[in-house]
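*Asks:* Dropping a prediction and its sequence here:
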Amino acid sequence: MKSCLTITILLFCMALPAGAADERASQNNDRAKKILKRFPDADLNGDGILTREEFREYKAKNKRPSQGNRSPKQQQTKFESARNVAYGNHDKQTLDVYWNKELKNAPIVINIHGGGWKNGDKAGFGNPKNQDFFIGKFGCVLVSPNYRLTGDLVPNGDRDDKSLVAKGAFDGMIVDVFSAVAFVQKNAKKYGGDPKRIIVCGTSAGAHLSAALAYCGGHDWLKDTPYAGTKLNIIGWYGDSGPLDKSVNKQIPFPSYGAPIDTVKKDGPPALMVIGTGDKIVPVANAYNFQAKCNKLGVWNQIVEMKDGPHAVGRAVIGTNPEVIPVFDAFMKWIIGTGSEPGSGKVHRFNILPR
């Protein structure tokens, strides 16, 4: 793996123009696309675009000992998987499921990829790291869905020049992720899952879509799908750098139902938000405004703030940062019923980022 990864990164660096270490590779760069498909976890910020800097950091973090020196604990646990399971008719309406066949009635984690609503793929969120984390550590079923992107929903490019995404696209994305969760609930037993315990989470655009699932209920999005009238059994939400408040994201045309901050209700599921103060895409005010609304309504919430952390900082610190681990573990254990309730309304401010 190590030698293969070294060769691959050399090819990747050759594929980029000189002096472009901090620039994004073109989406038309076939070599970069192939590398991203092979190493989806290298896309550290979850935007669906692989940079040379991201791949070098990924290589440094994934140096492995030789096969002969590898201890049993370093061997990845093998889980069952079902890939490209269709929950609709479009080729993007598919999902991957990973589970431990020895577990029954396990809580289900729906992890939604980011990418600015126009890029990204489910493969990056069903990676071995997330499998070991959510299945191995917490005993959950892990689901990573794809959904139609802006180019799929508005192929003719009907775009608002003042916005980041195509007009009318958000509602279609919500139908997709809502349908994916409804499908998983209906088929939960097949994967050893508990249909009454669904946890939704995501990064960036995926954080927004998962928050919509958790807090924007009561809308008849599924009237033309097999899941009309379905109530989602969401017991918790975790969001990494997601836009929640249109007052500080005026360039984003939120869907017809509004932003999550407008629709959260007093019986909403607990919310854990991870943000970086160095985020240049989604202002940290998003999380604090949402927390204020939750506090007013009595909805459990906490914030993890990483000093100078970039956009999608959660992907780098969840499960690896020694200060963040206890906070996330306490949240997960409480949600799935193996731990006591942490205090609501807290803000955890940390300075340490993994190297």
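*Replies:* Good, I have the coordinates. Numbering: from 1, shown residues only.

*Asks:* Check which element follows the longest strand along the chain along the chain.
*Replies:* Ordering each strand of the chain by length in residues (DSSP state E) puts strand 193-203 first. Later in the chain than strand 193-203, the nearest helix or strand by DSSP states H and E is helix 205-215.

*Asks:* I'd like the average pLDDT over that next one.
*Replies:* For helix 205-215, the mean per-residue pLDDT is 94.

*Asks:* what are the phi and psi angles of V85?
*Replies:* Main-chain torsions, V85, degrees, to the nearest 10: phi -80, psi 130.

*Asks:* So for it, what's the nearest residue that isn't a sequence neighbour?
*Replies:* In space, V85 comes closest to L95 once its chain neighbours are excluded; the distance is 5.4 Å by Cβ to Cβ, 6 or more residues apart in numbering. Yep, even glycine has a C-beta here, placed from its N, CA and C like the rest.

*Asks:* Looks to me like that neighbour is in a helix.
*Replies:* No - L95: not assigned to a helix; according to DSSP: H, G, I helix; E, B strand; the rest coil it is strand.

*Asks:* about what we covered before: in its sheet, what does the longest strand of the chain sit against?
*Replies:* Strand 193-203 sits in its sheet next to strand 106-112 (parallel), strand 234-240 (parallel), going by DSSP bridges.

*Asks:* Now tabulate the ones you listed in TSV and tack on mean pLDDT and distance to S344.
*Replies:* Shown next, in TSV, are the strands paired with strand 193-203 (pLDDT from 0 to 100; distance: least, Cβ to Cβ, whole Å):
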stretch	mean pLDDT	distance to S344
strand 106-112	98	20
strand 234-240	98	13
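
*Asks:* out of these, deepest packed?
*Replies:* With neighbours taken as mean count of other Cβ atoms under 10 Å, the strands paired with strand 193-203 reach their highest mean count in strand 106-112, at a mean of 27.

*Asks:* roughly how far is that strand from the heart of the chain?
*Replies:* Chain-centre distance of strand 106-112: 11 Å, with Cα atoms, centre = their mean, to the nearest Å.

*Asks:* Contact partners for the residue nearest to V85?
*Replies:* L95 makes contacts with N84, V85, Y87, K122, V143, S144, P145, N146, A180, F183, V184, as judged by Cβ atoms under 8 Å, 6 or more residues apart in numbering.

*Asks:* again, 6 Å this time
*Replies:* V85, Y87, V143, P145, A180 (Cβ atoms under 6 Å, 6 or more residues apart in numbering).

*Asks:* try S144
*Replies:* D96, N111, K122, F125, G126.

*Asks:* again, 8 Å this time
*Replies:* Under the criterion of Cβ under 8 Å, 6+ apart, the contact list for S144 reads L95, D96, Y98, N111, I112, H113, K122, A123, F125, G126, N130.

*Asks:* The residue lying closest to it once chain neighbours are set aside and G116: what is the separation?
*Replies:* What sits nearest to S144 in space, not counting adjacent residues and going by Cβ to Cβ, 6+ apart, is G126, at 3.6 Å. Distance of G126 to G116, given as Cβ to Cβ, to the nearest Å: 20 Å.

*Asks:* Over to S256?
*Replies:* Separation of S256 from G116 (Cβ to Cβ) stands at 20 Å.

*Asks:* Ok, V85 next?
*Replies:* 25 Å.

*Asks:* partner strands of the helix or strand hosting S144, parallel or antiparallel?
*Replies:* Per DSSP H and E, S144 falls inside strand 141-145. According to DSSP bridges, strand 141-145 forms sheet pairs with strand 94-99 (antiparallel), strand 106-112 (parallel).

*Asks:* The ones you listed: which one's closest to G136?
*Replies:* Closest approach to G136 among these is made by strand 94-99 (10.3 Å; Cβ to Cβ).

*Asks:* just the CA coordinates of the closest one, formatted as CSV?
*Replies:* Written as CSV, here are the backbone C-alpha positions of strand 94-99 (Å, rounded to 0.1, in the frame of the first residue of the first chain):
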residue,chain,number,x,y,z
THR,A,94,-28.1,5.1,-4.7
LEU,A,95,-26.5,4.4,-1.4
ASP,A,96,-23.9,2.2,0.2
VAL,A,97,-24.5,0.3,3.5
TYR,A,98,-21.9,-1.2,5.8
TRP,A,99,-22.7,-3.3,8.9
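
*Asks:* what about that strand, distance to the chain center?
*Replies:* Centroid displacement of strand 94-99 relative to its chain, using Cα atoms, centre = their mean, is 14 Å.

*Asks:* I'd say G258 and C216 touch.
*Replies:* Yes - between G258 and C216 a contact is recorded at 7.3 Å, counting by Cβ atoms under 8 Å.

*Asks:* between the two, which one's more packed in?
*Replies:* Per other Cβ atoms under 10 Å, whichever of G258 and C216 has more neighbours is C216, with 23 against 13.

*Asks:* before we move on, the earlier item: pairing partners for the residue nearest to V85 in the sheet, please.
*Replies:* Under the criterion used here (DSSP bridges), L95 is bridged to V85, P145.
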